[in-house]
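> structure for this input, please:
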Amino acid sequence: MTNKNLFTKKLLFKSNQELQGILERKHYVEDAKLAAKWILEDRGEQTNYLPPPKPTKKEHKPWILGKTLDPIKLNYWWRLLPFGVTCIIVPLYFNFQNLITTKNSLTEIKGKIRNSEVIVANVSSRSRLGYKTKSRKATLYFSLNEHQKLFKLVENIGQDYLHDEYNQISKLLNKSNSVVVWINQNELESNQPKVFQVDVNERTM
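Modelled structure (predicted):
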């Protein structure tokens, strides 16, 4: 099979009827439908499913120096200024907290991998001005035999279908002999603590 994605392996042993059902149901993500379509076509079955086209980038006209602004629009932008400043300062604050987190404030959790997998899902968000944007989010989940905790790493991958780095880490985790997860000491009792560093077979990922 030439075309593959994250769902290909999971759907490979499904019957043709089950694969057709995936194509017809709306709640399945596009990656799952693509995998079902490829498997059916590889088996010689015809499908009517057409994946949605990727959104094209809109051309933005350059701003012209000296162009006068509508007073109403200018007043509106001034009102939005505090909100924009807040949107900039808050992420900087949390990033600063991450930067000042030292090794002394972290604690290690050791164990052997119970399971690890990467899931890519469609996400959408709406801005304050009402514009809706769509993208994909990759999440690397893993857990250890010795601890009842779920660890995860999350990253927005735009319009991509796969996250190669997360897939490589997941494979290393599943083949590893030992794993060390570094978390904040204050989150030892948390079921889903924030992960600061992962060491696989004494190698930092």
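> what ranges do the helices span in the protein?
Secondary structure of the chain by DSSP state H: the helices cover 8-11, 16-24, 30-42, 71-99, 164-175.
> ok, of those, where does mean pLDDT dip lowest?
In terms of mean pLDDT, the lowest-scoring of those is helix 71-99 (a mean of 62).
> could I get the contacting residues of F142?
For F142, the contact set (C-beta atoms under 8 Å, 6 or more residues apart in numbering) comprises 113-117, 151-152, 170, 173, 179. For glycine as for every other residue, the C-beta is placed from the backbone atoms N, C-alpha and C.
> domain-wise, how is this structure divided?
Domain segmentation of the chain under automatic domain parsing yields 1-53, 73-103, 104-204.
> ok now the longest one, how far from the chain's centre?
Meaning domain 104-204. Distance of domain 104-204 from the chain centroid (C-alpha atoms, centre = their mean, to the nearest Å) equals 10 Å.
> contact partners for the closest residue to V123 other than its chain neighbours?
Take V123 and drop its neighbours on the chain: the residue closest to it by C-beta to C-beta, 6 or more residues apart in numbering is K137, 4.7 Å away. Residues in contact with K137, defined by C-beta under 8 Å, 6+ apart, are 120-123, 154-157.
> so K137 versus Q185, what's the distance?
K137 sits 28 Å away from Q185, going by C-beta to C-beta, to the nearest Å.
> how close does K149 get to L11?
As judged by C-beta to C-beta, K149 and L11 stand 29 Å apart.
> quote the end-to-end distance of stretch 146-159.
For stretch 146-159, the first-to-last residue distance is 36 Å (C-alpha to C-alpha, to the nearest Å).
> what is the mean pLDDT for it?
Here the average pLDDT along stretch 146-159 is 84.
> give me the buried positions along it.
Of all the residues in stretch 146-159, those buried under the rule 16 or more other C-beta atoms under 10 Å are 149, 151, 153, 157.
> ok, the closest residue to I183 other than its chain neighbours - contacts?
Leaving aside its sequence neighbours, I183 sits nearest to P193 (C-beta to C-beta, 6+ apart; 4.1 Å). Residues near P193 by C-beta under 8 Å, 6+ apart: 149, 151, 183-184, 187.
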